[in-house]
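1. need a structure here:
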Amino acid sequence: GAMACGIAAGPDATPEDAVEEMEACKPMSDHVDIGAQVSVSEPTVYEGGGEADVALLDCGAKGSIISSLMERGADVHVLPYDATPEDVAAVDPDVLFVSNGPGDPENFVAAHEVVEEFAGDLPMAGICLGQQVITSALGGSTEKMAFGHRGVNQPVKDLRTDKVVMTTQNHGYTVADTGPLEVTQVNVNDDTVEGLDSTDLDVITRQYHPEANPGPHDSLGFFDEVMDLAQSTSRVVAD
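-> Modelled structure (predicted):
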């Protein structure tokens, strides 16, 4: 599995300092409040043209996700990681989007509650941690990987087309049980879940980062599919 590491620097640093730092480091699953460290504290709106309203739960969202949606005409309403169902309903979105982020997806309790509230009533999309949160909230499960996926050269196979694309990834957790969602893409190296869809629930998720900068950009079409979700279905937001 992934090994722990301690680093000590400076003129008086010793190997013992590094070992002490390493032993004091908490496991990632123990960082239950990590969302607060990476999320916006107040709702923020980015106007992209009014083609659709996207409610983005910011669990550590990359700016390139926001810009990718704006480039396709979406107004992106960025909400804090602990937003309530009422906060989302106030946006009256066409799509709920759960972002990437650090840590154990099971610690993002509020995001789970939002997904549970709107499942089947509002189209949903997610990237990385977002895929894990959506799957878990819909009845699936996640697990920590022995070896996470890191880097810009992760091959992913689309099971519908047999096409392989190169992707950027940076995650240590993965989907174990997909629940009601269908596996559409897998990692070529270890067969872990890379893409999930559900026509019945209007859900589309990806484990990797389609919008990664500087690339690769083989899978940017994901955001076109998200916009199709927003524009093809008229939904009533739950009270």
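2. Where do the strands of the protein begin and end?
-> In the chain, the strands defined using DSSP state E lie at 44-46, 52-58, 74-80, 95-98, 124-127, 141-158, 164-177, 182-187, 193-198, 203-206.
3. how about those strands, which one is nearest residue 218?
-> Residue 218 lies closest, by CB to CB, to one member of the strands of the chain: strand 164-177, at 3.6 Å. Quick note: C-beta positions are derived from backbone N, CA and C, even for glycine.
4. Just put the strands of the chain in CSV and tack on mean pLDDT, mean neighbour count and distance to residue 114.
-> Compiled in CSV, these are given as follows (pLDDT from 0 to 100; neighbours: other CB atoms under 10 Å; distance: least, CB to CB, whole Å):
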stretch, mean pLDDT, mean neighbour count, distance to residue 114
strand 44-46, 98, 14, 17
strand 52-58, 98, 26, 6
strand 74-80, 98, 23, 9
strand 95-98, 98, 29, 7
strand 124-127, 98, 27, 10
strand 141-158, 95, 15, 17
strand 164-177, 97, 19, 18
strand 182-187, 98, 18, 22
strand 193-198, 98, 23, 17
strand 203-206, 98, 27, 14
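5. do you know how far residue 4 is from residue 45?
-> Counting by CB to CB, to the nearest Å, the separation of residue 4 from residue 45 is 41 Å.
6. Check residue 177 too.
-> 36 Å.
7. for residue 169, same thing?
-> 29 Å.
8. So which elements touch the longest helix along the chain?
-> The helix that spans the most residues within the chain, counting by DSSP state H, is helix 221-232. For helix 221-232, the packing partners by 3 or more CB pairs under 8 Å, 6 or more residues apart in numbering; DSSP states H and E come out as strand 52-58, helix 63-70, strand 95-98, strand 203-206.
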